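# any chance you could fold what I've pasted below:
(one chain, ligands or ions: 2)
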Amino acid sequence: MINVAPSPDWTVPQDWEHFTAVDHGVWDHLFDRQTRLLPGRVAPEFLDGLKRLDLTRPGVPDFARLNDELMALTGWQVVAVPGLVPDAVFFDHLANRRFPAGNFIRKPDQLDYLQEPDVFHDVFGHVPLLAHPAFADYMQAYGRGGLRALEYNAINRLSRLYWYTVEFGLIRSGDSLAIYGAGIVSSHGETLFALDSASPNRIGWTLERVLKTPYIIDDFQQNYFVIDSFDQLLKVTLETDFGPLYQRLAGDRDIPIAAILPADMVFTRGDQSHVAGARQPV
Ligand code: HBI
Ligand code: FE
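Ligands and ions are numbered 1, 2, ... in the order given. Down below sits the predicted model:
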């Protein structure tokens, strides 16, 4: 990658023409693998977004075309960035309904390996739900909250909300659970693990619980948090004044990463029924 002085918002032209046939082949391979796996496992709103945004067309998506559709649906846009951008820049994009997407794709020998988010994770993983009005508003609220958290020195705490919802969230779907987090839906291994493995905890989502729970970035998650609906996520986030909450939580210890608390609603595998405080069978 060429090192250029970044523009203040870190965006670069997508320059769609720079993607090679090999790049498009990687997209198609990953796309086919995930879209075979996802029906019945992912929130229906995700599949709906894929279809409405015409993401089923082959190849790395051309952002100009994608943005026409996305803008019309929810007023969001996708902008290209070279890779990870500073927190303040990332939050400012989200607060203005722009999603920064890495302007590169993993190599064919790295299909399951990612050091920085690439266009497959960012666009396939994140963008379909941006076509859903409640989720679209939630992402903007998160961006605004991030800018505010910078002032409170509370990024470490707020980033857990993003992690356990936008990246690794589960949602109730009838009597069972479905995935919606981009880190899961863009990963073959974690799609299976998050729903089927006996090892991770699946816990009813509450805002305070996730703000107090650390996470790991280099393996499948030990905790997944389950929302009732995207409306719930949006409502709680909009109605909470995070400033006083950060202050109140400041003295509290984090919850050990794999712990279950008596107040937790724990979802069990199989029948996916839930029992407060019960540990799921292992
Ligand atoms: N930059 N491009 C990109 N993508 C991200 O997901 C991202 C980022 N910068 C910061 C960041 N995420 C997170 O550290 C914040 O959510 C805290
Ligand atoms: Fe992501």
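# contacts, neighbours, all on C-alpha from now
OK.
# do you know how far the residue of the chain found nearest ligand 1 is from residue 125?
Nearest to ligand 1 in the chain, going by C-alpha to the nearest ligand atom, is residue 84, at a distance of 3.6 Å. Plainly put, residue 84 is 16 Å away from residue 125 if you go by C-alpha to C-alpha, to the nearest Å.
# just residue 88 next, same as before
Distance from residue 88 to residue 125, by C-alpha to C-alpha: 22 Å.
# those two: who's more crowded?
Ranked by neighbour count (other C-alpha atoms under 10 Å), residue 88 and residue 125 place residue 125 first, with 22 against 15.
# surely the more buried one is in a strand?
No. Read with DSSP: H, G, I helix; E, B strand; the rest coil, residue 125 is helix and lies in no strand.
# so what's the residue of the chain closest to ligand 1 up against?
Counting by C-alpha atoms under 8 Å, 6 or more residues apart in numbering, residue 84 makes contact with 102, 116, 117.
# and residue 210, by the same measure?
Listed by C-alpha under 8 Å, 6+ apart, the contact set of residue 210 reads 160, 161, 164, 225.
# coming back round to it: please flag which of the contacts of residue 84 sit within strands.
Of the contacts of residue 84, the ones assigned to strands by DSSP state E are residue 102.
# redo the contacts of residue 84 as a markdown table? Include neighbour count.
Shown next, in a markdown table, are the contacts of residue 84 (neighbours: other C-alpha atoms under 10 Å):
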| residue | neighbour count |
| --- | --- |
| 102 | 24 |
| 116 | 14 |
| 117 | 19 |
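# near ligand 1 too, which of the contacts of residue 84?
residue 102 (C-alpha under 6 Å from any ligand atom).
# would you turn the contacts of residue 84 into TSV with pLDDT?
Supplementary listing: the contacts of residue 84 in TSV, determined by pLDDT from 0 to 100:
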residue	pLDDT
102	98
116	92
117	96
